[in-house]
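Novice: Fold the following, please.
(one chain, ligands or ions: 1)
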Amino acid sequence: MRIWNDETIPRLKELWNEGLSCSQVAAVLREEFKVTISRNAVIGKIHRLGIQARSRNPKVVIRPRPVVASKPKPSAPKAPRRRAPVPVPIEQFFAPAREGGVSLLELEYHHCRWIEGNPSDERPYCGASRIVGRAYCPHHNELSIGKGTPRERNSIKAAMRVA
Ligand SMILES: [Zn+2]
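Specialist: Numbers count the residues shown, from 1 in each chain. Next up, the predicted model:
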């Protein structure tokens, strides 16, 4: 008796389309038709019949997913980008000394008061951004601390406290 006939073949397709595995299909066919049929026989028959996919899930295998036609998913509103704080080198807080210095008229609150060269010059002041609470920029602040007698330094400090 041939195991594949008008009864077993439709049943094979049916069981396969129901999602049974090859060994399960073989077991059912053995039970229902009292035939000797192995898992490999089922695999071979399915192959010969050209059954490529289970009709239960036609979308998955048979139809290629439309790529172009698919609508873009409505994307969730983007959270505002937060810029990571960039560490700023301490030097950048202070503007460099102005080329040629700053005159008394040009002197602004944030300008370093350090007088470079002769006070009678047109632009004697350093003009770099000064340290908050100090009269001088970092460079000249160091110079101011390192210079003079202790008494002079104290007087400078006292002047700074007043300012
Ligand atoms: Zn300065």
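Novice: Spit out the contact partners of residue 125.
Specialist: Contacts for residue 125 (Cβ atoms under 8 Å, 6 or more residues apart in numbering) come out as 101, 102, 103, 104, 106, 107, 111, 112, 113, 114, 115, 116. Where you see a C-beta, it was placed from the backbone N, CA and C, and this is true even at glycine.
Novice: which residues does it bridge with?
Specialist: Residue 125 has the following beta-bridge partners by DSSP bridges: residue 102, residue 115.
Novice: So for it, what's the pLDDT?
Specialist: On the pLDDT scale, residue 125 is placed at 92.
Novice: Would you work out how far apart the start and end of stretch 100-109 are?
Specialist: Stretch 100-109 has its terminal residues 18 Å apart, counting by Cα to Cα, to the nearest Å.
Novice: Just the closest of the contacts of residue 125 to the ion, please.
Specialist: residue 112 (3.1 Å; Cβ to the ion).
Novice: How are the helices of the chain distributed by residue range?
Specialist: Per DSSP state H, the chain carries helices over the ranges 8-17, 22-33, 39-49, 58-61, 138-146, 150-162.
Novice: so which of the contacts of residue 125 are also by the ion?
Specialist: When Cβ under 5 Å from the ion is applied, the members of these adjacent to the ion are 112, 114.
Novice: For the chain, name the helix or strand with the lowest mean pLDDT.
Specialist: Scoring the helices and strands of the chain by mean pLDDT, DSSP states H and E places helix 58-61 at the bottom, with a mean of 46.
Novice: The ion contacts on the protein?
Specialist: So far as Cβ under 5 Å from the ion goes, the chain lies against the ion at 112, 114, 126, 128, 137, 140.
Novice: got a markdown table for those, with neighbour count too?
Specialist: Shown next, in a markdown table, are the residues of the chain next to the ion (neighbours: other Cβ atoms under 10 Å):
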| residue | neighbour count |
| --- | --- |
| 112 | 28 |
| 114 | 21 |
| 126 | 23 |
| 128 | 22 |
| 137 | 24 |
| 140 | 22 |
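Novice: pretty sure residue 123 is touching residue 99, no?
Specialist: No - using Cβ atoms under 8 Å, residue 123 makes no contact with residue 99, being 9.5 Å away.
Novice: what about those two, which has more around it?
Specialist: residue 123 (18 against 7; other Cβ atoms under 10 Å).
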